[in-house]
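**Q** build me a model from this:
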Amino acid sequence: MTQRPSRPLATPARVIVTRHLMPEVEARMRELFDVVLNEADVPLTRDELAAAMQDCDVLVPTVTDRIDADLIAGAGERLGLIANFGAGTEHIDLAAAAARRIIVTNTPGVFTDDTADLAMAAIIGVPRRIREGTALVRRGEWTGWAPSGLLGRKLAGKVLGIVGMGRIGQAVAHRARAFGLEIAYYNRKPLPEALERMLGARHVADVDTLMAEADILTLHCPLTEETRHMIDARRIALLKPGSSIVNTARGELIDQEALIAALDSGHLAGAGLDVYPDEPHVDPRLIAHPNVMTLPHIGSATAEGREDSGHKVIANIRMWADGHRPPDQVLTALVRG
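**A** This next block holds a predicted model:
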């Protein structure tokens, strides 16, 4: 088993795509590959994933597909590339893929602006109680303007705490500065000083310190064993009363029971959530809370972003099939580190 063909494939790569992609992307795949598409867009069962991995050179999964060690161990000999549609790869067992010498690629950078835009919608919308106001009008209960009606919190001068200052975190900081927010962030490594100055951001030493300073906390870090439930009851208690949390990264970063308890007690004024620990299930208590924006994992949901991501997938497959290293190969050591 090799990580890439020793020479270009003699026939078009057999590619199985697990979800329905943009029409232009699927049309191009038909031109280039021996491709099996999922135009019905029904998520594959585990047995269907296992069968697909027996019958292809390239698997194109998405975040809804759990490609674990057992599935990879049982994959056919011909499977040489898992070309993920999307930047996150925590749903793929990278160590198991490396052990089978199967290359994993992703599509980094494509959804940076899209996800940052949605995060900003929540950063603005939760303190200004947008969900409550919309619901009030739709129920026909709005009785007109009043000096004390639906009072929210001003953004200017508040501290936005960013956990994870990669591409998306930086894009959020860039946008938030225009609203007068003070930017504090935690990252494993501080940004270069020149970049900090450009973003108007300052690094804090640890997550606890950031939590204590933030009026609004927004999460932009990957899901790892170290970050799972990093926002737990102890850390939520460090937040200022009346603060809010925004999560467009991964649902498992937050201890959901601790989040709900803090919302119910009033310690948290609200939350903006685009991701959940057991998607597509959303806890009814979150849906019922008047100031929780519950969004259906649409951080990357723009036509432009989804098309660009699909073309990145195609480029990765073509490079691999031609016997070269794909441009977006995921390096396991870097993901772990």
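
**Q** just the strands in the stretch 51-200 of the chain please.
**A** 58-60, 81-83, 103-105, 159-163, 182-186 (DSSP state E, counting those that start in this stretch).

**Q** could you say what helices and strands the last one packs with?
**A** Using 3 or more Cβ pairs under 8 Å, 6 or more residues apart in numbering; DSSP states H and E as the contact criterion, the elements in contact with strand 182-186 are strand 159-163, helix 167-177, strand 201-203, helix 207-213. From N, CA and C alone the C-beta is placed, and that goes for glycine too.

**Q** same thing but 6 Å
**A** Judged by 3 or more Cβ pairs under 6 Å, 6 or more residues apart in numbering; DSSP states H and E, strand 182-186 is in contact with strand 159-163, strand 201-203, helix 207-213.

**Q** any buried residues in the shortest one, and which?
**A** Residues of strand 201-203 classed as buried under the neighbour-count rule (16 or more other Cβ atoms under 10 Å) are residue 201.

**Q** what does that strand rub up against?
**A** With Cβ atoms under 6 Å, 6 or more residues apart in numbering as the test, strand 201-203 has contacts from 173, 183-185, 190.

**Q** same list (those residues) but as TSV, adding distance to residue 227.
**A** Formatted as TSV, these follow (distance: Cβ to Cβ, whole Å):
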residue	distance to residue 227
173	19
183	21
184	18
185	15
190	18
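
**Q** can I have the buried ones of these as a PyMOL selection?
**A** If you want just the buried ones from the contacts of strand 201-203 in PyMOL, going by 16+ other Cβ under 10 Å, the selection is:
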select buried, resi 173+183+184+185+190
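
**Q** any idea how far apart the tips of stretch 18-28 sit?
**A** Distance between the boundary residues of stretch 18-28 (Cα to Cα, to the nearest Å) amounts to 16 Å.

**Q** taking the mean pLDDT, what do you get for that stretch?
**A** Averaging pLDDT along stretch 18-28 gives 97.

**Q** contacting residues around residue 159?
**A** So residue 159 contacts 182, 184, 213-215 (Cβ under 6 Å, 6+ apart).

**Q** which ones are touching the spatially closest residue to residue 25 that is not a sequence neighbour?
**A** Leaving aside its chain neighbours, residue 25 sits nearest to residue 310 (3.0 Å; criterion: Cβ to Cβ, 6 or more residues apart in numbering). Under the criterion of Cβ under 6 Å, 6+ apart, the neighbours of residue 310 are 21-22, 25.

**Q** point out where the stretch 1-150 of the chain drops to low pLDDT.
**A** Within the stretch 1-150 of the chain, the segments meeting pLDDT under 70 span 1-7.

**Q** that one: helices as residue ranges?
**A** Counting by DSSP state H, counting those that start in this stretch, the stretch 1-150 of the chain has helices at residues 23-32, 46-54, 69-73, 94-99, 112-125, 130-138.

**Q** please identify the deepest-packed of those.
**A** Compared across those, helix 112-125 shows the largest average neighbour count, a mean of 22 (mean count of other Cβ atoms under 10 Å).

**Q** which other helices and strands contact that one?
**A** Counting by 3+ Cβ pairs under 6 Å, 6+ apart, helix 112-125 packs on helix 167-177, strand 243-247.

**Q** ok, and what's touching the longest one?
**A** Applying Cβ under 6 Å, 6+ apart, the external contacts of helix 167-177 come out as 109, 112, 115-116, 119-120, 160, 162, 183, 199-201, 220.

**Q** can we see that at 7 Å?
**A** Identification of contacts with helix 167-177 by Cβ atoms under 7 Å, 6 or more residues apart in numbering yields 109, 112-113, 115-116, 119-120, 123, 160, 162, 183, 185, 199-201, 218, 220.

**Q** one step back: reformat the helices and strands packed on helix 112-125 as CSV; add distance to residue 155 and mean pLDDT.
**A** CSV is the format used below for the helices and strands packed on helix 112-125 (distance: least, Cβ to Cβ, whole Å; pLDDT from 0 to 100):
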stretch, distance to residue 155, mean pLDDT
helix 167-177, 8, 98
strand 243-247, 11, 98
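
**Q** not counting sequence-adjacent ones, nearest residue to the residue positioned nearest the centre of the chain?
**A** The C-alpha lying nearest the average C-alpha coordinate of the chain belongs to residue 249 (Cα atoms, centre = their mean; 3.9 Å). Excluding the flanking residues, the one nearest residue 249 by Cβ to Cβ, 6+ apart is residue 219, at 4.7 Å.

**Q** can you give me the domain boundaries for this structure?
**A** The chain breaks down into these domains under automatic domain parsing: 14-110+302-336, 112-294.

**Q** would you reformat those as a markdown table and include distance to residue 8?
**A** Below are the domains of the chain laid out as a markdown table (distance: least, Cβ to Cβ, whole Å):
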| stretch | distance to residue 8 |
| --- | --- |
| domain 14-110+302-336 | 5 |
| domain 112-294 | 32 |
